[in-house]
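Engineer: I need the structure of the sequence given here:
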Amino acid sequence: MITFDVQGMTCGHCIKAITQAVLAVDAAAKVQVDLPSQRVQIESVAGEAELSQAIVQAGYSPVLLTGEPAISTPAKKAGGCCCS
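Structural biologist: Presented below is the predicted three-dimensional model:
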């Protein structure tokens, strides 16, 4: 599992952009995004550098984290998104 800290993610559009960028590198990757903690966890055969570059090309600044616990899937909250 590869974990990145990705500051600046604020909404569903950010999640979609990062997920699509990762899937463009590895279509079988499993991507989990946690907006409140600004974390992205990826299960992929692609390397950290390749995944990081894909996220950068999507417009974000990922920082590789090591030794991070898995993201738990919280209940969805209503509202709070900058997308309309």
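Engineer: Could you use CA atoms for every contact and neighbour count after this?
Structural biologist: Noted.
Engineer: roughly how far out does the host helix or strand of residue 54 sit from the chain middle?
Structural biologist: For residue 54, the host element (DSSP states H and E) is helix 48-57. Taking CA atoms, centre = their mean, to the nearest Å, one finds helix 48-57 lying 11 Å from the centre of the chain it belongs to.
Engineer: After that helix, which helix or strand is next? Please name it.
Structural biologist: Heading C-terminal from helix 48-57 (DSSP H and E), you reach strand 61-65.
Engineer: And for residue 66, the neighbour number?
Structural biologist: Residues contacting residue 66 under the criterion other CA atoms under 10 Å number 10.
Engineer: Likewise for residue 37?
Structural biologist: Around residue 37 there are 12 residues (other CA under 10 Å).
Engineer: repeat for residue 9
Structural biologist: For residue 9, using other CA under 10 Å, the count is 22.
Engineer: And the one 5 residues further on, by the same measure?
Structural biologist: For residue 14, the neighbour count with other CA under 10 Å is 18.
Engineer: How much space separates the residue positioned nearest the centre of the chain from residue 62?
Structural biologist: In the chain, the residue lying closest to the centroid (CA atoms, centre = their mean) is residue 40, at 3.3 Å. Distance, residue 40 to residue 62, by CA to CA, to the nearest Å: 9 Å.
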